Structure formats: C-alpha cells, structure tokens
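Visitor: Quick one, structure for this:
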Amino acid sequence: MDSFLNKVKKAAEKKIIYTEHALDEMNAEEELISKDEVRQVIFEGEIVEDYPEDKRGHSCLMFAHTLVERPVHVICSPKEEYLGIITTYVPTLDKWENDFKTRRRLR
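Guide: Residues are numbered from 1 along each chain as shown. Reported below is the predicted structural model:
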C-alpha cells in the first residue's frame with residue numbers, strides 16, 4: 001500500500017482536481033472542509049481502505065485528523081497528471097468506530 005500512497009502524493013504534487021460531488025460535500029454547511037484540510041489528509045494521512053477495482057480507476061479512502069482537530073476522510077484516485085478527489089467528508093461515529101478507520105458493523 002505504501003507504493004500506492006506514494007502514487008497518490010506524486011499525483012497531488014502535480015495537480016489536484018475536485019469532482020463536483022467533492023466540492024458540494026466540502027461546501028455543505030455542516031462540513032465546510034477546506035482545500036488545505038484535503039491537502040493535509042493527502043500528504044500527512046493514511047490509507048484506510050483500498051479500492052483497486054473502482055470504476056473510476058484505482059482509488060482509496062484516506063484519513064487524518066486535521067489542524068482544526070477534526071477527522072476528515074478523502075476518497076481519491078491518482079491519475080498520470082493529477083489526483084482526482086472523488087469525495088471528502090467528516091466521518092461520524094454512527095458509521096465509524098472511535099478511530100475513524102474502522103467501519104461499524106451492522107447489528
């Protein structure tokens with residue numbers, strides 16, 4: 001997974017492109033996730049889920065606690081010339097364990 005993380009970072013160093021969905025999520029009143037927070041997740045965070053068969057191309061879910069002291073998830077897909085940000089959101093405890101890296105099991 002380290003090599004894929006390196007691929008994500010190298011793509012982001014070239015350019016970061018946000019899908020309309022990602023921008024909508026970032027600008028939602030309850031989220032307000034900044035581009036700086038997204039960059040922090042990409043460059044300082046970790047991959048918590050890997051999606052090699054994603055229809056948009058190999059992608060992953062990344063996680064980090066940002067400088068504003070909240071957890072942020074970013075789903076991204078590296079391309080040759082850019083990193084595509086598919087979506088980003090603040091994870092909640094109803095869907096994630098306290099570490100925000102482990103999905104809660106449906107009971």
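Visitor: Kindly list the main-chain dihedrals of Val41?
Guide: Torsion angles at Val41 (phi, psi; degrees, to the nearest 10) stand at phi -60, psi -40.
Visitor: which residue is nearest the centroid of the chain?
Guide: Closest to where the C-alpha atoms of the chain average out (C-alpha atoms, centre = their mean) is Val74, at 1.2 Å.
Visitor: from what I can see that one touches Gln40, true?
Guide: No. Shown here, Val74 and Gln40 do not form a contact pair, counting by C-beta atoms under 8 Å, at 9.5 Å. Bear in mind the C-beta positions are built from the backbone N, C-alpha and C, glycine included.
Visitor: and the helix ranked longest in the chain, what does it pack onto?
Guide: Secondary structure of the chain per DSSP state H: the longest helix is helix 2-14. Using 3 or more C-beta pairs under 8 Å, 6 or more residues apart in numbering; DSSP states H and E as the contact test, the elements touching helix 2-14 are helix 35-44, strand 46-51, strand 59-65, strand 71-78, strand 83-89.
Visitor: Just put those in JSON lines and tack on mean pLDDT.
Guide: Converted to JSON lines, the helices and strands packed on helix 2-14 look like this (pLDDT from 0 to 100):
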{"stretch": "helix 35-44", "mean pLDDT": "97"}
{"stretch": "strand 46-51", "mean pLDDT": "97"}
{"stretch": "strand 59-65", "mean pLDDT": "97"}
{"stretch": "strand 71-78", "mean pLDDT": "98"}
{"stretch": "strand 83-89", "mean pLDDT": "98"}
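Visitor: Please identify the most buried of these.
Guide: Across the helices and strands packed on helix 2-14, averaging neighbours per residue (mean count of other C-beta atoms under 10 Å) puts strand 71-78 on top, at a mean of 23.
Visitor: Given it, what are its sheet partners and their directions?
Guide: Strand 71-78 has the following strand partners under DSSP bridges: strand 59-65 (antiparallel), strand 83-89 (antiparallel).
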